[in-house]
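# Below: sequence and its predicted model.
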Amino acid sequence: MSEAAEVYRSRVYENEGIKPLVALIDPAHVRIIDVGCGAGDNMRLLAAAGREVVGVTLSEEEARAVRAGGFPCHVCDVEREDLPVEAASVDALVFSHVLEHMAWPAVVLRRHLRVLRPGGGVYVVLPNPVQFRQRWEFVRGRFRYTEMGLMDRTHLRFFDFQTARELLESVGLTVVHHAAVGHFPLRPLRRMLGSVAPRLDAAACRRWPGLFGYHLLVAGRLG
């Protein structure tokens with residue numbers, strides 16, 4: 001394992017999972033590999049939606065957390081190793097906030113397409129480093145790495161709304177969905193607006209995805 005990969009061995013990425021990602025997945029895609037699965041947050045959402053999901057991570061700590069949650073998980077350096085499953089044996093691959101950590105994300109994507117069945121899907125979530133709050137930091141002359149978030153210190157590649165799509169197209173996938181998920185700056189009105197606020201968020205992300213999107217979602221189909 002490379003020195004760079006060693007950084008991830010004891011890291012544990014945890015969150016609430018990304019519900020819009022799970023909602024996006026084609027109902028026909030049942031057997032799924034979550035590549036870079038973190039502590040298994042998306043896996044739990046996928047399993048609750050009736051999917052059969054296997055995790056892959058570089059972190060031994062994450063693998064233990066995923067297995068403790070009742071899911072199978074492989075420890076694998078996906079930049080250098082093949083996924084530990086047979087060719088043409090799974091319906092979909094999920095890369096949620098993973099590819100930005102890799103030196104050559106297109107190479108990684110292309111390498112692992114072999115495990116997909118014909119018509120299989122690739123579901124990618126990337127952080128948007130030009131979201132409006134981060135733009136303000138750049139305007140202030142600040143390019144500061146953090147431990148987590150948009151400017152995670154382990155991010156090697158950065159994508160905007162358009163280049164996120166181009167990443168999947170560059171490996172021969174047909175893009176079937178391309179969207180952003182984020183928030184319109186409504187404080188302190190958000191609580192007062194109630195159910196209207198999410199609709200404003202969605203409208204803003206549709207109209208200006210690169211400005212208000214926090215997560216960039218792209219889904220591609222093989223063949």
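Everything's here; your move. Numbers count the residues shown, from 1 in each chain.

# make it CA atoms for all contacts and neighbour counts henceforth
Noted.

# Distance check, residue 194 against residue 205.
Distance of residue 194 to residue 205, computed by C-alpha to C-alpha, to the nearest Å: 18 Å.

# Those two: which has the busier surroundings?
The neighbour count for residue 194 versus residue 205, taken as other C-alpha atoms under 10 Å, is higher for residue 205 (21 against 10).

# Verify the contact between that one and residue 216 for me.
No: applying C-alpha atoms under 8 Å as the test, residue 205 and residue 216 come out as separate, 10.0 Å apart.

# Now the common contact residues for the two.
Counting by C-alpha atoms under 8 Å, 6 or more residues apart in numbering, the contacts common to residue 205 and residue 216 are 179-181.

# Return the entry from the residues you listed with the maximum number of neighbours.
In the shared contacts of residue 205 and residue 216, the most neighbours by other C-alpha under 10 Å go to residue 180, 27 neighbours.

# Lowest average confidence across helices and strands of this protein, where is it?
None of the helices or strands of the chain scores lower by mean pLDDT, DSSP states H and E than helix 3-6, at a mean of 60.

# Now tell me what touches the strand ranked longest in the chain from outside.
With secondary structure taken from DSSP state E, the chain has its longest strand at strand 116-127. Residues outside strand 116-127 that contact it (C-alpha under 8 Å, 6+ apart) are 21, 25-26, 29, 87-100, 149-150, 158-159, 164, 214-223.

# now do stretch 23-34
So stretch 23-34 is contacted by 42-43, 50-56, 90-96, 120-121, 123 (C-alpha under 8 Å, 6+ apart).

# and the residue nearest in space to the middle of the chain, backbone torsions?
By C-alpha atoms, centre = their mean, the chain has its centre lying nearest to residue 96, at 1.6 Å. The phi/psi pair for residue 96 (degrees, to the nearest 10) reads phi -100, psi 110.

# Wait, it touches residue 36, no?
Yes: with contact defined as C-alpha under 8 Å, residue 96 counts as touching residue 36 (7.2 Å).

# which residues sit in contact with residue 46?
Contacts for residue 46 (C-alpha under 8 Å, 6+ apart) come out as 22, 52-53.

# How about residue 75?
Residue 75 touches 56-60, 63, counting by C-alpha under 8 Å, 6+ apart.

# Please report the distance of residue 187 from residue 197.
10 Å.

# Likewise for residue 26?
27 Å.

# same thing with residue 52?
Between residue 52 and residue 197 the computed distance is 34 Å (C-alpha to C-alpha).

# Now do the helices in the protein.
For the chain, applying DSSP state H gives helices covering 3-6, 19-24, 41-48, 60-68, 105-112, 132-139, 161-169, 190-193, 196-207, 209-212.

# Of all those, which one comes closest to residue 81?
Among the helices of the chain, helix 105-112 comes nearest to residue 81, with 9.2 Å by C-alpha to C-alpha.

# how many degrees apart are the closest one and strand 116-127 in direction?
Interaxial angle of helix 105-112 relative to strand 116-127 (axes from the mean of the first three to the mean of the last three C-alpha atoms, to 10 degrees): 160 degrees.
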